[in-house]
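> Sequence first, then the predicted structure, then my questions.
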Amino acid sequence: MEFGLTTDQTMMQESLDKTLARVCPLERVRTAKDGLAAEVLKAITELGVTGILIPEEFGGMGLKLLDAALAAETFGRHVAPVPFVASSAMAPLALLGAGSAAQKKTYLPKLASGDMIAAVAVSEHASGARDKAGIAAKNGKLSGTSLFALDFAGAGIFVVADKFGALYLVDANAKGLEKIALSTIDATRAVGELHFDSVEAEPLASGDGPAVLERMIDAGRILLAADTLGAGGAMIEKAVAYAKERKQFGRVIGSFQAVKHLCAEMIAELEPCRALIWYAAYAFDETPTEARRMAAHAKAHTSEVGTFVARTATEVHGGMGFTDLLGLHHWFKRIGFDRQALGGPEKARHDAAVAQGWVGN
């Protein structure tokens with residue numbers, strides 16, 4: 001079977017790529033604060049990308065996860081400092097899967113139009129339990145702590161999972177909610193810590209919360225893998241370009257066999273990840289029985305390949321690779337963040353083993 005992108009998908013990705021090349025140069029990435037560049041967000045909102053998974057009846061594009069993965073790859077390529085994985089994918093999936101008709105009508109149009117950013121706090125389920133972290137629900141109120149909420153900066157609502165996997169919406173200005181911005185290696189992403197002290201919460205109770213939570217995590221993992229694919233591809237391009245112009249001993253370093261091997265090996269390792277990610281995204285919508293396993297494998301494998309590419313591309317640049325002048329570290333750190341968010345390779349492979357019935361949960 002031949003599997004490829006449609007003309008519409010190719011055009012969408014090319015359009016987003018050209019837009020980001022214009023509004024998101026490296027200088028914009030350097031000056032973005034809290035992982036959020038307003039002008040970049042405005043540009044992608046005008047393209048409709050913020051509503052890529054939201055049905056047309058709510059003002060979105062009504063596309064599939066593969067389309068969202070193509071967008072995520074492009075964001076990674078440009079290290080775009082905008083909310084996407086949580087606000088444009090995981091949160092809409094939570095509302096579509098477990099929200100009431102009134103909740104969908106209230107929140108989905110705002111997310112699609114970019115008028116609202118939604119953060120998602122499910123790290124305890126995706127990455128594993130941590131000391132003093134976890135949310136307990138009682139009488140419609142939440143108490144506890146959730147770490148590493150994604151798309152934290154500027155969020156108007158938070159999608160929160162309690163320790164049993166039930167999902168809730170929490171207003172960003174709710175009484176008793178303490179929000180703490182966290183610093184990570186990746187300045188292009190906004191992550192936060194949430195403390196709940198009997199905070200009023202709106203349950204997403206129209207569907208199977210734990211099952212919807214799994215789908216949210218699967219989608220997030222696939223999009224993070226796609227982001228790594230884009231970031232890794234950009235690093236390879238920069239390494240090859242540098243090897244063609246940097247001279248040592250009167251020759252460009254790209255003419256040395258060792259450097260050729262480094263560049264070829266990066267491409268040989270990264271390119272197969274594309275098919276893995278595409279199939280994982282396809283499986284998410286078309287073959288649900290394979291979705292969890294494929295999402296976990298895509299995240300785990302691409303994370304490790306991305307780490308190899310980031311390290312090797314930096315080595316090709318030599319000492320210049322560590323300077324801010326080239327800015328290579330923005331892609332390096334982006335790949336590092338993608339690797340750990342929503343579970344590192346070890347946790348993702350464990351989840352894949354559980355999905356296949358090889359080990360207990």
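Right, received. Where do you want to start? Numbering: from 1, shown residues only.

> close enough to count as contact, Gly35 and Pro81?
Yes: contact criterion C-beta atoms under 8 Å: Gly35 and Pro81 qualify, at 5.2 Å. Every C-beta, even on glycine, is put in place using the N, C-alpha and C of the backbone.

> any residues in contact with both of those two?
Ala187, Thr188, Arg189 (C-beta atoms under 8 Å, 6 or more residues apart in numbering).

> Where does the second one sit, in terms of helix or strand?
Secondary structure from DSSP states H and E places Thr188 outside every helix and strand.

> ok, and the closest non-adjacent residue to it?
Using C-beta to C-beta, 6 or more residues apart in numbering and skipping the chain neighbours, the partner closest in space to Thr188 is Pro81 (4.2 Å).

> do Glu245 as well
Leaving aside its sequence neighbours, Glu245 sits nearest to Val252 (C-beta to C-beta, 6+ apart; 6.5 Å).

> any idea of the pLDDT on the one you found?
pLDDT for Val252: 85.

> One more: Met1?
So, for Met1, pLDDT stands at 56.

> State the number of residues packed around the residue nearest to Glu245.
Number of residues near Val252 (other C-beta atoms under 10 Å) recorded here: 14.

> Can you verify my assumption that it contacts Tyr242?
No: applying C-beta under 8 Å as the test, Val252 and Tyr242 come out as separate, 9.6 Å apart.

> overlap in contacts of these two?
Joint contacts of Val252 and Tyr242 (C-beta under 8 Å, 6+ apart) do not exist.

> And the strands in the stretch 251-361 of the chain, which stretches?
251-252 (DSSP state E, counting those that start in this stretch).

> Which parts of it are helices?
Taking DSSP state H, counting those that start in this stretch, the helices of the stretch 251-361 of the chain run over residues 257-286, 288-317, 328-340, 345-355.

> Is it possible to get TSV of those that adds mean neighbour count?
Below are the helices of the stretch 251-361 of the chain laid out as TSV (neighbours: other C-beta atoms under 10 Å):
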stretch	mean neighbour count
helix 257-286	17
helix 288-317	22
helix 328-340	23
helix 345-355	18
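
> Throw those helices into JSON lines and include mean pLDDT and distance to His195, thanks.
Putting those into JSON lines (pLDDT from 0 to 100; distance: least, C-beta to C-beta, whole Å) gives the following:
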{"stretch": "helix 257-286", "mean pLDDT": "95", "distance to His195": "32"}
{"stretch": "helix 288-317", "mean pLDDT": "96", "distance to His195": "28"}
{"stretch": "helix 328-340", "mean pLDDT": "97", "distance to His195": "22"}
{"stretch": "helix 345-355", "mean pLDDT": "94", "distance to His195": "24"}
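
> Quick one: the ones you listed as TSV, columns for distance to Thr31 too.
Converted to TSV, the helices of the stretch 251-361 of the chain look like this (distance: least, C-beta to C-beta, whole Å):
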stretch	distance to Thr31
helix 257-286	29
helix 288-317	23
helix 328-340	12
helix 345-355	32
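
> on that earlier part again, between the shared contacts of Gly35 and Pro81, which sits nearest Ala102?
Arg189 (31.5 Å; C-beta to C-beta).

> how many other residues sit next to that closest one?
When neighbours are counted by other C-beta under 10 Å, Arg189 registers 27.

> Over to the one 5 residues further on?
Using other C-beta under 10 Å as the criterion, Leu194 is surrounded by 25 other residues.

> I'd say Ala225 and Thr302 touch.
Yes: the criterion here is C-beta under 8 Å, and Ala225 meets it with Thr302 at 4.0 Å.

> residues shared between the contacts of those two?
By C-beta under 8 Å, 6+ apart, Ala225 and Thr302 have these common neighbours: Cys273, Leu276, Ile277.

> wait, doesn't the last one sit right on Ser303?
No: counting by C-beta under 8 Å, no contact exists between Ile277 and Ser303, whose distance comes to 11.5 Å.

> okay, and the common contacts of the two?
Ala225.

> So Gly35 and Pro81 - more neighbours on which side?
Set side by side, Gly35 and Pro81 show more neighbours around Pro81, with 28 against 23, by other C-beta under 10 Å.

> In a strand, the more buried one, correct?
No: read with DSSP: H, G, I helix; E, B strand; the rest coil, Pro81 is coil and lies in no strand.

> Just want the phi and psi numbers for it.
Here is the backbone geometry of Pro81 (degrees, to the nearest 10): phi -90, psi 70.

> any idea how far Ala226 is from it?
Distance of Pro81 to Ala226, given as C-beta to C-beta, to the nearest Å: 17 Å.

> for Ala86, same thing?
From Ala86 across to Ala226, the span is 15 Å (C-beta to C-beta).

> May I see the shared contacts of Ala225 and Thr302 organised as CSV, with distance to Thr19 added?
Below are the shared contacts of Ala225 and Thr302 laid out as CSV (distance: C-beta to C-beta, whole Å):
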residue, distance to Thr19
Cys273, 24
Leu276, 27
Ile277, 22
